[in-house]
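>>> this one's sequence-less:
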């Protein structure tokens, strides 16, 4: 890793942790998926808040822990599935509308990140990826260290590229877990999205 990349990684970690994201590093995807399983195992099971079509579980009853990872390739999803099977978790990547009551962990790749604010940019044109980052209790983003940019100005070329595809594209800018202080200026975590944000940094 070059000195400039290391400096960006350090700056990104500092800013991300200030806004309550938890940043760790992994040598490869196998180690990253083991970390994802650890995050899932370390939290209380997600509780269904509404009965879903064809779901026999009663509202409010903890179900099998579920990790949603719609953006993974076939090969990477197979690797995640193996980790989930070993832990007794369910891994899904399609049809997340069936799980709108919520799930434990949503896993997605970040396209790039901004060191100045600790922000990750996630391509969310795929509805399942949007759902994975929005209705989970714990959100986990995978990010290549080389994809960390210094500031917003440095990502302008990428944004122009997305705007000029000729087709609607969605990109979500995620900075820390969901939070709001709309009601009587009292900070509340997780009202509009995940209670936790974990970012796993990978080489390359």
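Right, received. Where do you want to start? Treat the numbers as computed from the prediction; the structure is a model and nothing was measured.
>>> for the protein, longest helix please?
In the chain, with assignment by DSSP state H, the single longest helix is helix 3-18.
>>> Which residue ranges of this structure form strands?
With DSSP state E applied, the chain shows strands at 21-26, 66-68, 90-92, 103-109, 112-114, 119-123, 136-144, 148-149, 171-174, 179-180, 188-189, 196-202, listed in chain order.
>>> Output those strands in TSV, with distance to residue 15 and mean pLDDT appended to each entry.
The C-beta positions use only the backbone N, C-alpha and C, and glycine is treated the same way. Shown next, in TSV, are the strands of the chain (distance: least, CB to CB, whole Å; pLDDT from 0 to 100):
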stretch	distance to residue 15	mean pLDDT
strand 21-26	9	97
strand 66-68	27	95
strand 90-92	31	94
strand 103-109	20	95
strand 112-114	8	96
strand 119-123	8	96
strand 136-144	13	96
strand 148-149	11	96
strand 171-174	13	94
strand 179-180	15	66
strand 188-189	18	63
strand 196-202	11	97
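>>> how about TSV for those, with distance to residue 81 and mean neighbour count added?
Listed next are the strands of the chain as TSV, based on distance: least, CB to CB, whole Å; neighbours: other CB atoms under 10 Å:
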stretch	distance to residue 81	mean neighbour count
strand 21-26	18	18
strand 66-68	9	25
strand 90-92	5	20
strand 103-109	12	26
strand 112-114	27	24
strand 119-123	22	23
strand 136-144	16	23
strand 148-149	29	22
strand 171-174	25	18
strand 179-180	32	14
strand 188-189	30	13
strand 196-202	18	22
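>>> which residues of the protein score low on pLDDT?
Applying pLDDT under 70 to the chain flags the ranges 47-63, 179-182, 186-192.
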